[in-house]
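>>> Dropping the sequence and predicted coords here.
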Amino acid sequence: VQLVESGGESVQAGGSLRLSCEISLYIYSSYCMGWFRQAPGKERAAVAAHYTGTATKYVADSGKGRFTISEDKTKHTYYLQMFNLKPEDTAMYYCAASRGGVWFEETPYMYWGRGTQVTVS
């Protein structure tokens, strides 16, 4: 299974970005797709997640009201839409996949992408 992120770039504060995560192969009938980010000098932290089996979605407090997650099954792609970006959103963003478990913990996630850089100035 490969996860490939794209869409990261440098933007002005207040701008928007949509990150994409293309998954190469669906192994399980349901799973959790998560988005994480890691800023320089900080630990990686969960941003949002989508449990495909129940269609349940979560967004961390850092992104509530600004971030949304969605999917396009026909393209095997998940999206993290980010609005009103702030300098503190600057980070490397990763998507990951797990069979389940707690969405904001890294341990359950078995597959990770290499990340896409978001810089907000």
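Nice, thanks for sending it over.
>>> Can you pull the phi/psi pair for Asp89?
The phi and psi values for Asp89, taken as degrees, to the nearest 10, are phi -80, psi -10.
>>> Oops, could you answer that again for Gly41 instead?
With angles defined as degrees, to the nearest 10, Gly41 sits at phi 80, psi 0.
>>> can you tell me how far it sits from Ser98?
As judged by C-beta to C-beta, to the nearest Å, Gly41 and Ser98 stand 26 Å apart. Placement of C-beta: from N, CA and C, glycine included.
>>> Point to the residue nearest the middle of the chain.
Taking C-alpha atoms, centre = their mean, the centroid of the chain lies closest to Trp35, which sits 2.3 Å from it.
>>> Number of residues surrounding the residue lying closest to Val120 once chain neighbours are set aside?
Distances taken as C-beta to C-beta, 6 or more residues apart in numbering place Leu85 nearest to Val120, at 4.6 Å, with adjacent residues excluded. Residues within reach of Leu85, counting by other C-beta atoms under 10 Å, total 21.
>>> Start at 23, not 1
Right, with 23 as the first residue, what we last looked at is Leu107.
>>> Hmm, Leu107 is touching Gly36, no?
Yes: counting by C-beta atoms under 8 Å, Leu107 does reach Gly36; the two are 6.8 Å apart.
>>> thinking again about what came up before, which of Gly63 and Ser120 has more neighbours?
Neighbours around Gly63 and Ser120, counted as other C-beta under 10 Å, are more numerous at Ser120. The numbers are 21 against 5.
>>> Please name the residues that touch that one.
For Ser120, the contacting residues are Tyr53, Cys54, Gly56, Pro130, Tyr131, Met132, Tyr133, by C-beta atoms under 8 Å, 6 or more residues apart in numbering.
>>> Please repeat the previous calculation with a cut-off of 7 Å.
Taking C-beta atoms under 7 Å, 6 or more residues apart in numbering, we find Ser120 in contact with Tyr53, Cys54, Gly56, Pro130, Tyr131, Met132.
>>> pLDDT wise, what is it at?
Ser120 is assigned a predicted lDDT (pLDDT) of 90.
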